[in-house]
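Peer 1: only geometry, no sequence info:
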């Protein structure tokens, strides 16, 4: 949810409430998406909130073969779908 306010001096502020919830809720949402996207059983390695624009949660998983894979969740709870830009 986003709320904006302007002070008497003309400064504008944008307040953003993180809608998607706690780290546990974000991790559950990301895990549900990631198991279908990567088609593998995943172990959660890390969940961290990145505050540099854009703000997002980065969840690191480890696949059954040891490869690290990721999920990114935006503040509104949207999962960022990765795209393949180039294959070697």
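Peer 2: The structure has been received and is ready for your questions. The structure displayed is predicted, hence computed values, not measured ones.
Peer 1: can you count the residues close to residue 45?
Peer 2: For residue 45, the neighbour count with other Cβ atoms under 10 Å is 12. The way it works is simple: take the backbone N, C-alpha and C, and place the C-beta from them, glycine included.
Peer 1: what's near enough to touch it?
Peer 2: Neighbouring residues of residue 45 by Cβ atoms under 8 Å, 6 or more residues apart in numbering: 60, 61, 62, 68.
Peer 1: any idea how far residue 68 is from it?
Peer 2: 7 Å (Cβ to Cβ, to the nearest Å).
Peer 1: ditto for residue 85
Peer 2: 19 Å.
Peer 1: And residue 28, by the same measure?
Peer 2: Going from residue 28 to residue 68 by Cβ to Cβ gives 19 Å.
Peer 1: quick one on the thing from earlier: filter the contacts of residue 45 down to the buried ones.
Peer 2: Neighbour counting with 16 or more other Cβ atoms under 10 Å marks 60, 61, 62 as buried within these.
Peer 1: Quick check: bridge partners of residue 70?
Peer 2: When bridges are called by DSSP bridges, residue 70 pairs up with residue 60.
Peer 1: Kindly tell me how buried it is, as a neighbour count.
Peer 2: Other residues lying near residue 70 total 15 when counted by other Cβ under 10 Å.
Peer 1: Next, the contact list for it, please.
Peer 2: Shown in contact with residue 70 (Cβ under 8 Å, 6+ apart): 58, 59, 60, 61.
Peer 1: Shouldn't residue 52 be within a helix?
Peer 2: No: counting by DSSP: H, G, I helix; E, B strand; the rest coil, residue 52 is not found in a helix; it is coil.
Peer 1: Give me the distance between it and residue 43.
Peer 2: When residue 52 is compared with residue 43 (using Cβ to Cβ), they lie 27 Å apart.
Peer 1: Could you check which of the two has the larger neighbour count?
Peer 2: In terms of neighbours (other Cβ under 10 Å), residue 43 is the more surrounded of residue 52 and residue 43; the figures are 11 against 6.
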